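> Provided below for reference: sequence and predicted model.
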Amino acid sequence: MLLYHYILKDISGYTHIIETDETNRDEELLPLLDFDLPDEDKLKIVDLIEQDISIVGMNCSDTVKAYILEGKPSLNNFDKILTNYAKEGEKTKEEIKKLAVERYEDIFNGNLPVPNVLLQSIIDSPDVTKEIKSMLLAAALPSLTKEQCIKYISQLKLEKDFSRLIDDDVVIKRSKKFRVKNTQTNKYLLRAYAEKGWIPGFEEDKNDPLKLEIIKKRGTPPSKTNSPAFLG
């Protein structure tokens, strides 16, 4: 702590010394980001740090956190970064959203959380593809209600059967067959439906391999043999 006392008395002089020193000083520099320093100084410190930096639990302004996420983000605790989205400032939120879009496959494959407010922000973004939005919807499904899911399906203009499958207000025949296009994204969505227990399972349509078929029977619990995996 005595070292930091002298460093903080002349932070500009210290950063100048570090700039001309090839020694890795990350262990000295990282704790400085939690001190009460002007953003200008903290941004200089971030530039001098060589390793990636975690913003989780960090005592920094919205400007500094966003700067870190833009250039040197540590994603070892990406789940916490995503979870804390709603608590962050606008600049940091924008960078978190960019990371979520860039790393949507990591989020889906790693079962990372996608908060409702983050998902809505991504779906509202005109520069994000429908495929990425749909994949992040599939990733977010564990925490969504049927009503929320139906809302997002409508906003994304997905095939109507995705809504009809889970809309309890829709009256259907017990033998009704549902079909959607046989795409990888649709498989991900249906697998997420099955894992939620919303459908028993699905398979490629035997009469049309370009379609995926789901047989929805009201009042019938999901079969242990065909849920939640893709059949076939």
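Yes, it's here.

> may I have the strand ranked longest in the chain as CSV, with CA atoms only?
Taking DSSP state E as the criterion, the chain has its longest strand at strand 208-215. In CSV, the C-alpha atoms belonging to strand 208-215 read as follows (Å, rounded to 0.1, in the frame of the first residue of the first chain):
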residue,chain,number,x,y,z
ASP,A,208,-39.9,-34.0,-47.0
PRO,A,209,-36.2,-33.9,-45.8
LEU,A,210,-36.3,-30.1,-46.1
LYS,A,211,-38.7,-30.0,-43.2
LEU,A,212,-38.5,-30.8,-39.5
GLU,A,213,-41.6,-32.4,-37.9
ILE,A,214,-43.0,-32.0,-34.4
ILE,A,215,-46.0,-33.8,-33.2
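
> partner strands of it, parallel or antiparallel?
Strand 208-215 has the following strand partners under DSSP bridges: strand 177-181 (antiparallel), strand 202-205 (antiparallel).

> buried residues in that strand?
Lys211, Leu212, Glu213, Ile214, Ile215 (16 or more other CB atoms under 10 Å). Yep, even glycine has a C-beta here, placed from its N, CA and C like the rest.

> and if you look at stretch 97-116?
So for stretch 97-116, counting by 16+ other CB under 10 Å, buried means 97-101, 103-104, 107-108, 112-115.

> what's the end-to-end length of that stretch?
End-to-end distance of stretch 97-116 (CA to CA, to the nearest Å): 12 Å.

> what sits up against it?
Outside stretch 97-116, the residues that touch it by CB atoms under 8 Å, 6 or more residues apart in numbering are 69, 73, 75, 78-79, 81-83, 85-86, 118, 121-122, 125, 128, 132, 135-136, 138-140, 142-144, 148, 188.

> where does this structure dip in pLDDT?
Within the chain, the set of residues satisfying pLDDT under 70 comprises 1-24, 170-176, 216-232.

> all helices of it, in order?
Assigned helices in the chain, in chain order: 2-9, 11-19, 26-29, 39-48, 62-71, 78-83, 90-102, 104-109, 116-123, 130-140, 146-156, 160-164, 184-195 (criterion: DSSP state H).

> any chance of JSON lines for the ones you listed, columns distance to Gly201?
Formatted as JSON lines, the helices of the chain follow (distance: least, CB to CB, whole Å):
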{"stretch": "helix 2-9", "distance to Gly201": "59"}
{"stretch": "helix 11-19", "distance to Gly201": "59"}
{"stretch": "helix 26-29", "distance to Gly201": "50"}
{"stretch": "helix 39-48", "distance to Gly201": "49"}
{"stretch": "helix 62-71", "distance to Gly201": "39"}
{"stretch": "helix 78-83", "distance to Gly201": "28"}
{"stretch": "helix 90-102", "distance to Gly201": "29"}
{"stretch": "helix 104-109", "distance to Gly201": "20"}
{"stretch": "helix 116-123", "distance to Gly201": "25"}
{"stretch": "helix 130-140", "distance to Gly201": "16"}
{"stretch": "helix 146-156", "distance to Gly201": "18"}
{"stretch": "helix 160-164", "distance to Gly201": "15"}
{"stretch": "helix 184-195", "distance to Gly201": "6"}
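
> those helices: which one's closest to Asn207?
Evaluated over the helices of the chain, closeness to Asn207 peaks at helix 160-164, with 16.5 Å, by CB to CB.
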